[in-house]
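Trainee: requesting a structural model of the entry that follows:
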Amino acid sequence: MTYNYSLIVIFIAAYLDYLIGDPWSWPHPVKVMGWIITHYTQMIFQISKHYRDNFSRFVLKFAGILLTITLVFGSGVISWLIVQTLRRNFVQFPLLRIISESILLASCFAGKSLNVAAKEVIQPACRGNLIQARQKLSLYVGRDTAKLSITEIFRAVLETVTENATDGVIAPLFYALLGAIIPNVGSIPLAFAYKAASTLDSMVGYKEAPYTDLGWFSAKLEDVLTWLPCRLNVVTIAFLSGKPLYVCRICQRDAVKDPSPNAGWSECAYAATLGVQMGGANSYKGVVKHKPLLGDATHPITAETIDRALQLTRYCFLIWLGLFFIALRI
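Mentor: Model (predicted):
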């Protein structure tokens, strides 16, 4: 398959994500991954209860490594086999083959989903219905939302949108583009493998119990896989801001304080560009935790701020597509 074929699939997949996203009622690979992770972790937790503490930790760590390698590698291999099957069986129907592969790849992008999730919270908040806004927000964040003010709701939405811009949108695109130039691999397997790593991190990659030992390996792997796409996204946002040196300086000042090697950089780049401040105190199951402050509070966070952040992500996505297209033509 030529680079042109891969480009066509990626462009159609990007448009499909922009147009329809991932409707909840549709079957989705992430749902399958989530089902596997949930049932596997339940089984492992039951098994580990029968061992002493030290050996139980070993069992959980080994099980976490096994789960991560199996799901990430398995997702890549299975998606590769699906693509090969489509190409063999639909040789006479190239359009059908392209559409099928585009739908598969589109499931790895979360641009539309981020947009929809943000609006589901913003709209009732702007109408003054904080109860509904808090309820909607609780579906997307781990922090306690029952007592959040409208300012705190907007900050939570912006933090979610800017953190997930990298691992939900830009990183899957990065691996899709990388896969497109690797012979006999292709965009879909690498994007699916990354999506598996990202899903694992979001479900079990926590330092807190009971996932401390089970999820440590998946969290580390996701950090490694996201590191380069995150930095490239930060640089892209910095140039889009029109003040790249300022954005980079703020990231060097604040992002390094965040315990996550990627989330803080992603959020901070948006914060510096938008002239707002993220981070601060959040409550998780009644326990207040303080995150480093990112950016300067030049402007308040509003619904318009969140719209601009979503727009920045779309621009970054399109710039990467455009640069990849140009690079292949040189």
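Trainee: residue 105 contacts residue 10, doesn't it?
Mentor: Yes - Residue 105 lies in contact with residue 10 (C-beta atoms under 8 Å); the separation is 6.7 Å. The C-beta positions use only the backbone N, C-alpha and C, and glycine is treated the same way.
Trainee: can you pull the residues that touch both of the two?
Mentor: 176, 187 (C-beta atoms under 8 Å, 6 or more residues apart in numbering).
Trainee: from the contact counts, what lies against the helix or strand where residue 305 lies?
Mentor: According to DSSP states H and E, residue 305 maps onto helix 303-329. Packing partners of helix 303-329 (3 or more C-beta pairs under 8 Å, 6 or more residues apart in numbering; DSSP states H and E): helix 3-19, helix 111-126, helix 150-165, helix 171-180, helix 216-241, helix 263-274.
Trainee: how about low-confidence regions in the stretch 51-200 of the chain?
Mentor: 52 (pLDDT under 70).
Trainee: pretty sure residue 87 is in a helix, no?
Mentor: Yes - Residue 87: assigned to a helix according to DSSP: H, G, I helix; E, B strand; the rest coil.
Trainee: look up how far residue 98 lies from it.
Mentor: 10 Å (C-beta to C-beta, to the nearest Å).
Trainee: quick one: contacts of stretch 137-147?
Mentor: With C-beta under 8 Å, 6+ apart, stretch 137-147 has contacts from 117, 121, 134-135, 148, 153, 156-157, 160, 282-286.
Trainee: can you give me the buried ones in it?
Mentor: By neighbour count with 16 or more other C-beta atoms under 10 Å, stretch 137-147 contains the buried residues 137-138, 140-141, 143-145.
Trainee: over to stretch 65-82?
Mentor: Neighbour counts over stretch 65-82 (16+ other C-beta under 10 Å) mark 67-68, 71-72, 75-76, 79-80, 82 as buried.
Trainee: so of those residues, which ones are in helices?
Mentor: Among the buried residues of stretch 65-82, the members falling in helices (DSSP state H) are 67-68, 71-72, 75-76, 79-80, 82.
Trainee: nearest to residue 109, of those residues?
Mentor: Nearest to residue 109, judged by C-beta to C-beta, of these is residue 79 at 14.3 Å.
Trainee: how much space between that closest one and residue 196?
Mentor: 10 Å.
Trainee: and if you look at residue 119?
Mentor: Applying C-beta to C-beta, the value for residue 119 to residue 196 is 28 Å.
Trainee: next, residue 141: phi, psi?
Mentor: Main-chain torsions, residue 141, degrees, to the nearest 10: phi -130, psi 160.
Trainee: and it, how far from residue 314?
Mentor: Counting by C-beta to C-beta, the gap from residue 141 to residue 314 is 22 Å.
Trainee: also residue 117?
Mentor: For residue 117, the distance to residue 314 equals 15 Å [C-beta to C-beta].
Trainee: quick one on the thing from earlier: now a ChimeraX select for only the buried ones of the contacts of stretch 137-147.
Mentor: Buried subset of these, written as a ChimeraX selection, criterion 16+ other C-beta under 10 Å:
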select :117,121,134,148,153,156,157,160,282
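Trainee: just curious, which of the contacts of stretch 137-147 is nearest to residue 35?
Mentor: Distance to residue 35 across these (C-beta to C-beta) is lowest for residue 117, with 21.1 Å.
Trainee: pretty sure that closest one is touching residue 168, no?
Mentor: No - in terms of C-beta under 8 Å, residue 117 does not count as a neighbour of residue 168; the distance is 10.1 Å.
Trainee: okay, now the unreliable bits of the stretch 201-330 of the chain?
Mentor: Within the stretch 201-330 of the chain, the stretches with pLDDT under 70 are 330.
Trainee: helix, strand or coil for residue 298?
Mentor: Look at residue 298: counting by three-state DSSP, its state is coil.
Trainee: residue contacts, it?
Mentor: Residue 298 neighbours (C-beta under 8 Å, 6+ apart): 275-276.
Trainee: and it, how far from residue 56?
Mentor: Between residue 298 and residue 56 the distance is 50 Å, computed by C-beta to C-beta.
Trainee: repeat for residue 312
Mentor: Going from residue 312 to residue 56 by C-beta to C-beta gives 45 Å.
Trainee: between the two, which one's more packed in?
Mentor: Shown here are residue 312 and residue 56; by other C-beta atoms under 10 Å, residue 312 has more neighbours (22 against 16).
Trainee: does the more buried one really touch residue 237, like I thought?
Mentor: Yes - using C-beta under 8 Å, residue 312 is in contact with residue 237, at 6.0 Å.
Trainee: joint contacts of those two?
Mentor: 270, 273.
Trainee: so which strand or helix has residue 280?
Mentor: Using DSSP H and E, residue 280 maps to strand 278-284.
Trainee: give the contact list for the closest residue to residue 316 other than its chain neighbours.
Mentor: Once flanking residues are discounted, residue 316 sits nearest to residue 236: 4.7 Å by C-beta to C-beta, 6 or more residues apart in numbering. Listed by C-beta under 8 Å, 6+ apart, the contact set of residue 236 reads 316, 319-320.
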